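Visitor: The sequence and its predicted three-dimensional model are supplied below.
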Amino acid sequence: MRTWARELGFSQIGVSGVDLSSAEPGFLDWVAKGYHGDLHYMVQHGTRRLRPAELLPGTLSVITARMPYLPRDTPPDWAARERARLQRPGEGVVSLYARGRDYHKVVRGRLNKLCERIAEAVGPFGHRAFSDSAPVLEKELARRSGQGWQGLHSLILSRDAGSMFFLGEIYVDFKLQESAPVSAHCGSCTACVDVCPTQAIVAPGVVDARRCISYLTIENKGAIPEELRPLMGNHIYGCDDCQTVCPWNKYAQKSEIPDFDERAPLVGQQLVDLFLWDEETFLKRTEGGPVRRINHERWLRNVAVALGNALRQASGAQAESIRAALRARLDHPSALVHEHVLWALKQG
Ligand code: B12
């Protein structure tokens, strides 16, 4: 199974049992504190997220997998390069995972291929494959099955792969021997906690989604809270800051498949140009990628915030071009866009 998984682009597979009861109090506490914000899907499935056999009756084991997503041509100093982008306020930064093909389809598709191979060998079996596609406690399943430990930023981290990978699972109706968890190696390092621009890591291993730039730019459908806007810098879709400072990510692996290669033109683009995209251009340039998930309206909202942040640091002709781009969108029919543009204009 390991060989097949590697052939399909996975770097490791493991096996977890289905009793996740020790994770229930932590999850329920997270929800009780409201850290999920408007992520209603985190609560609406009740205990099915916490109990695999309730989601897919008959599930006896969970095969877990991780797939690296750094593009094939990633240079060794990629993390430093990503951090350098944050120092160029006129440029928009789209998080690394979102620059290629939508991973939900890629990972699940390849897990289904793995299932076909297993079925060829052992005969038909009951199963379902997931990758962020259903109420599944993916990090806990990964942690238990030895994919890595849960870092202070709450992501799964591995000594030989850092955290730049997606998780996926196959619920199966037969019992497999569980793989052992690994020990944690964050030590006394708090780099991710310290760097988070919005201080979203509120305790070790606990993220308040409502403050996380990933949530604010992707999941949040409404206005971005005003007090958080100046802290978002030039992030326009997701955020990798807690990962690019992590020392373990010097071991991050590159993907072996073309799906996660960067699709032009999301990387290194000027905000004023991105703000000019009409809806048709937005849909065309984001086809097949995760950025499509937010519509053109939220795209403009995010870019407006970044432009406001750039305006605060700009002067002369650069400031004037930002103002001109923002003014050109003042009559946008969406009240959401209009309000964020007004805010941005007030920044400089
Ligand atoms: C909701 C969600 C989000 C939310 C909330 C984030 C969060 N930390 O929960 C938002 C939108 C903010 C988000 C952001 C991102 N996400 Co997300 N997200 C999810 C999702 C759908 C559910 C996660 C979840 O169950 N959260 C609920 C909380 C309660 O779980 P938890 O964080 O593990 O909390 C536990 C700990 O707090 C623990 N605990 C309590 N005390 C302590 C103390 C210590 C020391 C420790 C270690 C733990 C601990 O108990 C809790 C319960 O078990 C998963 C997919 C899935 N179905 O699982 C992807 C997933 C976690 N996301 C992923 C990614 C890639 C991201 C981003 C990097 C995307 C980006 N570049 O913008 C960021 C990273 C931000 C971050 N630091 O978390 C990947 C992570 C892969 C990995 N290597 O771990 C996943 C697994 C998707 C996938 N299939 O690959 N995400």
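Guide: Happy to help now that I have it.

Visitor: contacting residues for W4?
Guide: By CB atoms under 8 Å, 6 or more residues apart in numbering, the residues touching W4 are 114, 117-118. Every residue, glycine included, has its C-beta placed from N, CA and C.

Visitor: I would like the residues contacting stretch 71-83, please.
Guide: 70, 93, 96, 99-100, 240, 243-245, 249-250, 252, 254-258, 260-262.

Visitor: Remind me which helix or strand P124 belongs to.
Guide: If you go by DSSP states H and E, P124 is not part of any helix or strand.

Visitor: where exactly do the strands run in the chain?
Guide: 12-16, 61-68, 93-94, 127-130, 149-150, 156-157, 165-172, 201-203, 206-207, 235-237 (DSSP state E).

Visitor: Describe which strands the fourth one pairs with in its sheet and in which direction.
Guide: Put plainly, it is strand 127-130. Note on strand 127-130: by DSSP bridges, its sheet partners are strand 165-172 (antiparallel).

Visitor: How far off centre is the partner strand?
Guide: Chain-centre distance of strand 165-172: 15 Å, with CA atoms, centre = their mean, to the nearest Å.

Visitor: Likewise for stretch 240-260?
Guide: 12 Å.

Visitor: just to revisit the earlier point, and the contacts of W4, which of them are buried?
Guide: 114, 118 (16 or more other CB atoms under 10 Å).

Visitor: Relative to the ligand, which of the contacts of W4 is nearest.
Guide: Nearest to the ligand among the contacts of W4: L114, at 15.6 Å, using CB to the nearest ligand atom.

Visitor: Now do the contacts for the closest one.
Guide: Per CB under 8 Å, 6+ apart, neighbours of L114: 1, 4-5, 8, 10, 63, 65, 129, 170.

Visitor: need the contact list for the closest residue to the ligand within the chain.
Guide: In the chain, the residue that lies nearest the ligand is G205 (2.3 Å; CB to the nearest ligand atom). Applying CB under 8 Å, 6+ apart to G205 gives the contacts 150-154.

Visitor: go on, R312?
Guide: 230, 347-348.

Visitor: I'd like to know which of the contacts of W4 is nearest to L342.
Guide: Taking CB to CB as the measure, L342 lies nearest L114 of those, at 50.7 Å.

Visitor: related to what we said a few turns ago, retrieve the pLDDT associated with the residue of the chain closest to the ligand.
Guide: pLDDT recorded at G205 is 97.

Visitor: mind checking how far it is from C192?
Guide: The spacing between G205 and C192, counted by CB to CB, to the nearest Å, is 10 Å.

Visitor: anything in contact with each of the two?
Guide: Here G205 and C192 have 151-153 as joint contacts, going by CB under 8 Å, 6+ apart.

Visitor: any chance of those residues in TSV, with neighbour count and pLDDT too?
Guide: Listed next are the shared contacts of G205 and C192 as TSV, based on neighbours: other CB atoms under 10 Å; pLDDT from 0 to 100:
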residue	neighbour count	pLDDT
G151	25	98
L152	22	98
H153	25	98
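
Visitor: looking only at pLDDT, what's the mean for the longest helix seen in the chain?
Guide: Ranked by residue count, the top helix of the chain under DSSP state H comes out as helix 103-122. In this model, helix 103-122 has a mean pLDDT of 96.

Visitor: and the angle for it with strand 61-68?
Guide: Angle, helix 103-122 to strand 61-68, by axes from the mean of the first three to the mean of the last three CA atoms, to 10 degrees: 130 degrees.

Visitor: Of all the residues in helix 103-122, which ones are buried?
Guide: 103-104, 106-108, 110-111, 113-115, 118.

Visitor: just stretch 204-213 next, same as before
Guide: 205-213.

Visitor: picking that back up, among the contacts of L114, which has the minimum pLDDT value?
Guide: Ranked by pLDDT, the contacts of L114 bottom out at M1, which has 93.

Visitor: what's near enough to touch Q12?
Guide: Per CB under 8 Å, 6+ apart, neighbours of Q12: 5, 65-66, 147, 158, 161.

Visitor: repeat that with 10 Å
Guide: 2, 5-6, 64-68, 142, 145-148, 158, 160-161, 165, 179 (CB atoms under 10 Å, 6 or more residues apart in numbering).

Visitor: Surely P181 and S16 touch.
Guide: Yes: applying CB atoms under 10 Å, one finds P181 in contact with S16, separated by 9.2 Å.

Visitor: residues shared between the contacts of those two?
Guide: Counting by CB under 10 Å, 6+ apart, the residues touching both P181 and S16 are 142-147.

Visitor: Among those residues, the buried ones, what's the PyMOL command?
Guide: Of the shared contacts of P181 and S16, the buried ones go into a single PyMOL selection, burial set by 16+ other CB under 10 Å:
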select buried, resi 142+143+144+145+146+147
